[in-house]
Structures are given as structure tokens and as C-alpha cells.
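Participant: following is a predicted model, sequence given first.
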There are 2 protein chains.
Amino acid sequence: MIMERFLRNNRGHALTQEERKALESAVSEIKTLAPRKTIVRAREILHQSTFLMEGTMSRYIDDTNGVRQLVAIHFAGDFVDLHAYPLGILDHDVATTTEATVAIIPHAALGKIIRDLPQIAPKLWFATLIDAAIHRAWLFRLGRLDAVGRVAHFLSETNARLMSAGLSNGHRYALGLRQTDLAEICGLTTVHVNRVMRKLREDGLCEFRSSWVDIPEPARLAARGQFDPHYLYFVDERGGSQRTCPWGREPAD
Amino acid sequence: MIMERFLRNNRGHALTQEERKALESAVSEIKTLAPRKTIVRAREILHQSTFLMEGTMSRYIDDTNGVRQLVAIHFAGDFVDLHAYPLGILDHDVATTTEATVAIIPHAALGKIIRDLPQIAPKLWFATLIDAAIHRAWLFRLGRLDAVGRVAHFLSETNARLMSAGLSNGHRYALGLRQTDLAEICGLTTVHVNRVMRKLREDGLCEFRSSWVDIPEPARLAARGQFDPHYLYFVDERGGSQRTCPWGREPAD
DNA sequence: TACCAAAATTAACCTGCGTTATCACGAGTA
DNA sequence: TACTCGTGATAACGCAGGTTAATTTTGGTA
């Protein structure tokens, strides 16, 4: 029950029952964290990773004036800092955004699981690479979109990710973020995010009120943000083929 | 000789002789590519990865008007699209920037190496995560720095990476990029990049003439771009500890 | 040497977003 | 009821960087 959302919609990379059970039994602790707390600092040596069961968390880099740039946002079902396992040290901070329930998995236990079930390794690797693919989409967003486009892109991406997690119906989802958070994600100021939200509202693209996001026509919002979900590597509902990772065996093709 | 630069400066992740030899003997082809050619398109199914032996290559995402945002740049010694192995399909294009010499490694051969030498897997995983860490630094650059800061950050990062590859002496390096490329990296227009270069020149921070970058005082340039190389995960010359990945054995700590 | 194409440079103008400041609103709580 | 405090909303003003359009420099080559 702890990790049933993890990799659920990634064809060829979904966990087997056995693998999921192994990960879940490696959990050393489940705890609830207060909102807006930094739980991992860049450069500290880590011996465990954090799986997010409920709530939202973020990863960020501070500039010299203490202004944040978010580099990732996480929802229920995400492995927040699985990359800490191969890296050992992170290059960014990790914090809760809302109150969050997390499962802690010690790296020693991860090592044991990989030794016992080698087929899980490429799936974990894959999960960290999805993270990187999202980074790239964020680079595109910051480098090439205007303010309205950036917010439209982010809200579309979030809609897609939350749908995959069963937390959005495609038109409406709860989002525990403030306009300040959107600003730190989109490289804008809060004042300008506010202007953008008004514009999106006036254009009928999106309503964002008291932690609820309403998107009457997701396709229009996506178009405004040049959003295309292929980089999320979800199962393609049109039946497109997505190669599985040929780990530990000869690839069929 | 083909891959002697790969992971050379990453303590605890450097390849053993045996591992490097295995990778090199898995090379199916070595070829020289013309400059400014796209060699991989997003969404195509890949059965091989490309290791860059000489020259520079880039990865980019196009917007709907054909304007590029670079999401990565690669120099000799980089595995350009190792992540294609677990992912199977890329979410971006890959192109040469200068003329480039590359070694092609089929994924089937990679699978065999990992089966024969399981200790290499976490090192390959690590290499793809460094890539992600650089993405994050680029997010910070685009989201939080002004134009001069972005270019200063990029040129400082490049200096650090090329020093590690033995291609910069810390003050001077060859860079086969045009101002247009800097614009696509930094999310600016060429016109403004040109203004920025003049400013950097006037301030004595950096000269950029006919493919050579001169940095009289690297520390000053780094400060202007808020650049700190820790995210590159190089061996810390001050002897700081960097945990190795506890793959396939109990971690010592 | 002259020629050409690609790249760099510069100028004039304009706009999107940052900055600063103030005000409004709702949820707690006393 | 009033008094916070956190968040959202707006307005006025300025500037960093975009846009458009020449012009100059550079490197290659005939």
C-alpha cells in the first residue's frame, strides 16, 4: 500500500508485486512532516532516501540573496531523492511544501534489494531519468516561454502528473501551492505571477482559487504553454510502443 | 584510449581498467560527424548510445517556432546519450556542434557488460545523474540570473568541465560555440548575448574571440555568475569525502 | 588580391517583467 | 467585534532585454 503509485504508469518499468513488496518492507520509518520545512540540505552525506506518500515536496537551489529556484516538485507516489542513493550527496535542498507523509528507505536496504532482485535496478535508474527529463522540460519552459506560457506549461504538466497518480480528473486538481511557489518554479516574481493568473482567468484558460486548479479546456491551456506530455514517459494510450530496458538479458529486438 | 576521460575525476566512480576495456571493446563503430548535424531525434527508438571522443555536441528542445533551447552541451569524454539505454526513447534531439568524433555502443553490448561486470552499473547510473545535476544548475541559471550572470555561469561551468577533461588550463580554453549557441543555452537573443560579451570584456571578466575563451580571473567570473562547482561532483582537491555508491555490497559506513 | 558568406557588432525603439508600495480579503483567535 | 497574519490583488514607474535593421569584421577561397 505504501508505494502502489510508484512507476505505475510507465510501461515496461512498472514494479512487480515482489519488487514493490521488497521496497515496502525496506521502509525503516513512516512519518508526517510539517509544511515548509527543509529536510535535506545540499552537501550533507545521505544514507537514506525519501518516498512521498502524501502531500507535496520540492527541491530547490538558493541564490546568494536567498532567493529560491525550484528545480523539482513532487506529489504522492514520487521518490523524492532516489538519486541520493548513487550520488551520496545532493546538489540542492529538499523541503516539504504542504504537510507530507513520507516513507524512509535506508540505502543499505536498497543495496540489498538490488542484490536480491537485480531486475529492479533498471527500473530505479529509469525513475531517476524521468526526473531528469522533467528537468529538461523545465529548462525549455524557463528558456523559451513567456510568463503566461511558463505558468500554463507548469499547470498542464502538473495536471498530467496528477492524472497519472489518480489525483486529477483532467479538469480539476488540488494544488497546495501559493503564487509565491509558482514564482519560484517559473522564474518570476509573485507580482507578475499574479498578473499572469488574472490573464489566464480572463482568457478562460485556468482558475486557481484556494488551492484548487480548474482547467476547463486542458488542450487550450497546453497549447498556450507548448506542453506535450511525451517527456513524462507515461504509457501511451494510443498503444505506441515504448521499449523496455534490456537489463540482465538479451534484448528481444 | 577511446574512453580514458570518462568518469576520470569522479572519486569512487572512476572505471577500473577492466571496466573501461569492456566498454571500449563494445564499441561497434567510430566515426567522424560533420558539424551542425542532428543525429538523433526525439521519440525515435534507440538501440545504441553515443560516446563523444572529440569535438562538442548538444542536446536541445525546439519550440513551436523552431527556436531551440539547449538542455545540455557535451565535450570530449562525455557519454552524450547514455540515458537512452534505460529510456529507449529520448525527449530531445541530439546534434553535433563542431565536427565530432564519436564511438557508438550498442545497447545490447551494454546489457552484456552489466551482466558480466555488475559493478559498472552504478557508475553508469552515476554518470547519468551528473547530467541531471547539471540540468539543475542550468535551471538555476535560467531562473535566477540576469543575462551577464547566465553567461558568466556558463563559461565558468565550462571552464571547470574542460579542466577536468584536461582541455582547459583554468584560464583559457577552446570553445567551438558561436554567440547564437550561447543565446540558445542562456535563453537570450544573439543580439543581447553580444551586448553581454562586450560587458564582460569591458569589465575584464572574459574575452571570447574566434573560438577561444580567456578568463583572467576565474574567481571573479565565477562570482559574477554565482558559480560553485560542487554540483559537478568532481574529486574534491581539499580531500573532502565523497561517498561511493554501495552497489552490490554492504556499505562500509 | 578580390570576393563572398557567416558571424559579430551596433543603434533605435519598444515591451514584458521587475520593483516598490498600498490595499483587500479571509481565517484564526481573543 | 476587532486585531492580527498570511496571501492575493492592483497601480505606477523604470529598466533589462527583445525586436528590427543595418553595418562591420572575419575566415575561407578563387
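Facilitator: That came in fine, so what should we check first? Not measured: the values here are computed from a predicted model. Numbers count the residues shown, from 1 in each chain, chains lettered A, B, ... in the order given.
Participant: doesn't residue A:11 fall inside a helix?
Facilitator: No - under DSSP: H, G, I helix; E, B strand; the rest coil, residue A:11 sits outside any helix and is assigned coil.
Participant: phi, psi for residue A:213 please.
Facilitator: Per-residue torsions, residue A:213: phi -110, psi 130 (degrees, to the nearest 10).
Participant: apart from its chain neighbours, what residue comes closest to it?
Facilitator: residue A:175 (5.0 Å; Cβ to Cβ, 6 or more residues apart in numbering or on different chains). Bear in mind the C-beta positions are built from the backbone N, C-alpha and C, glycine included.
Participant: from what I see, the one you found and residue A:158 are in contact.
Facilitator: Yes - with contact defined as Cβ atoms under 8 Å, residue A:175 reaches residue A:158; the gap is 6.5 Å.
Participant: where do the contact lists of those two overlap?
Facilitator: residue A:213 (Cβ atoms under 8 Å, 6 or more residues apart in numbering or on different chains).
Participant: got a list of what the residue nearest to residue A:213 touches?
Facilitator: Applying Cβ under 8 Å, 6+ apart to residue A:175 gives the contacts A:56, A:158, A:208, A:211-213.
Participant: and those residues, which are buried?
Facilitator: When those are checked for burial by 16 or more other Cβ atoms under 10 Å in any protein chain shown, the buried set is A:56, A:158, A:208, A:213.
Participant: out of those, name the ones that lie in helices.
Facilitator: Of the buried ones among the contacts of residue A:175, the ones assigned to helices by DSSP state H are residue A:158.
Participant: could you export the buried ones among the contacts of residue A:175 as a markdown table, including distance to residue A:48 and pLDDT?
Facilitator: Output for these, formatted as a markdown table (distance: Cβ to Cβ, whole Å; pLDDT from 0 to 100):
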| residue | distance to residue A:48 | pLDDT |
| --- | --- | --- |
| A:56 | 20 | 97 |
| A:158 | 27 | 98 |
| A:208 | 35 | 92 |
| A:213 | 32 | 97 |
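Participant: from the buried ones among the contacts of residue A:175, which two are the most distant?
Facilitator: Farthest apart among the buried ones among the contacts of residue A:175 by Cβ to Cβ are A:56 and A:208. That separation is 15.0 Å.
Participant: and which of the buried ones among the contacts of residue A:175 is nearest residue B:141?
Facilitator: Among the buried ones among the contacts of residue A:175, and counting by Cβ to Cβ, the member closest to residue B:141 is residue A:158, at 23.1 Å.
Participant: the closest one: what's it in contact with?
Facilitator: Residue A:158 makes contact with A:73, A:75, A:168, A:173, A:175, A:213, according to Cβ under 8 Å, 6+ apart.
Participant: burial check on residue A:73, number of neighbours?
Facilitator: Number of residues near residue A:73 (other Cβ atoms under 10 Å in any protein chain shown) recorded here: 24.
Participant: same question for residue A:199.
Facilitator: A total of 16 residues lie near residue A:199 under the criterion other Cβ under 10 Å.
Participant: how about it: what's its closest non-neighbour residue?
Facilitator: Distance criterion Cβ to Cβ, 6+ apart; nearest residue to residue A:199, sequence neighbours excluded, is residue A:148 at 5.6 Å.
Participant: quick check, that neighbour in contact with residue A:201.
Facilitator: No - with contact defined as Cβ under 8 Å, residue A:148 does not count as touching residue A:201 (11.4 Å).
Participant: those two: who's more crowded?
Facilitator: Remark: of residue A:148 and residue A:201, residue A:148 carries more neighbours, 19 against 14, as counted by other Cβ under 10 Å.
Participant: that one and chain B: what is the separation?
Facilitator: Distance, residue A:148 to chain B, using Cβ to the nearest Cβ, to the nearest Å: 14 Å.
Participant: do the lengthiest helix in chain A and DNA strand D meet at all?
Facilitator: Scanning chain A for the helix with the most residues, using DSSP H, yields helix A:121-144. No - using Cβ under 7 Å from any atom of the strand, helix A:121-144 stays clear of DNA strand D, coming no nearer than 9.0 Å.
Participant: helices or strands up against that helix?
Facilitator: strand A:68-74, helix A:107-116, helix A:147-164, helix A:179-186, strand B:57-62, strand B:68-74, helix B:84-87, helix B:121-144 (3 or more Cβ pairs under 8 Å, 6 or more residues apart in numbering or on different chains; DSSP states H and E).
Participant: now tabulate those in TSV and tack on distance to residue B:32.
Facilitator: Putting the helices and strands packed on helix A:121-144 into TSV (distance: least, Cβ to Cβ, whole Å) gives the following:
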stretch	distance to residue B:32
strand A:68-74	36
helix A:107-116	39
helix A:147-164	38
helix A:179-186	41
strand B:57-62	12
strand B:68-74	16
helix B:84-87	21
helix B:121-144	23
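Participant: in the stretch 101-250 of chain A, which residue sits closest to DNA strand C?
Facilitator: residue A:192 (3.0 Å; Cβ to the nearest atom of the strand).
Participant: pretty sure that residue is in a helix, no?
Facilitator: Yes - counting by three-state DSSP, residue A:192 is part of a helix.
Participant: who's in contact with it?
Facilitator: Contact analysis of residue A:192 by Cβ under 8 Å, 6+ apart lists A:147, A:183.
Participant: 6 Å - rerun?
Facilitator: Shown in contact with residue A:192 (Cβ atoms under 6 Å, 6 or more residues apart in numbering or on different chains): residue A:147.
Participant: mind checking how far it is from residue A:198?
Facilitator: Distance from residue A:192 to residue A:198, counting by Cβ to Cβ, to the nearest Å: 11 Å.
Participant: do the same with residue A:170
Facilitator: 24 Å.
Participant: one more: residue A:145?
Facilitator: Distance of residue A:145 to residue A:198, given as Cβ to Cβ: 18 Å.
Participant: go on, residue A:88?
Facilitator: Distance, residue A:88 to residue A:198, using Cβ to Cβ: 45 Å.
Participant: so for these two, which sits in the more crowded spot?
Facilitator: More neighbours surround residue A:88 than the other of residue A:88 and residue A:198, with 24 against 10 (other Cβ under 10 Å).
Participant: separation between that one and residue B:160?
Facilitator: Separation of residue A:88 from residue B:160 (Cβ to Cβ) stands at 20 Å.
Participant: residue A:226 contacts residue B:64, doesn't it?
Facilitator: Yes - in this structure, residue A:226 is within contact of residue B:64 by Cβ atoms under 6 Å, at 5.5 Å.
Participant: more crowded one of these two?
Facilitator: Applying other Cβ under 10 Å to residue A:226 and residue B:64 shows that residue A:226 carries more neighbours, namely 19 against 9.
Participant: residues near residue A:4, how many?
Facilitator: For residue A:4, using other Cβ under 10 Å, the count is 12.
Participant: please disregard the earlier target; I meant residue A:51.
Facilitator: Residue A:51 is flanked by 25 other residues according to other Cβ under 10 Å.
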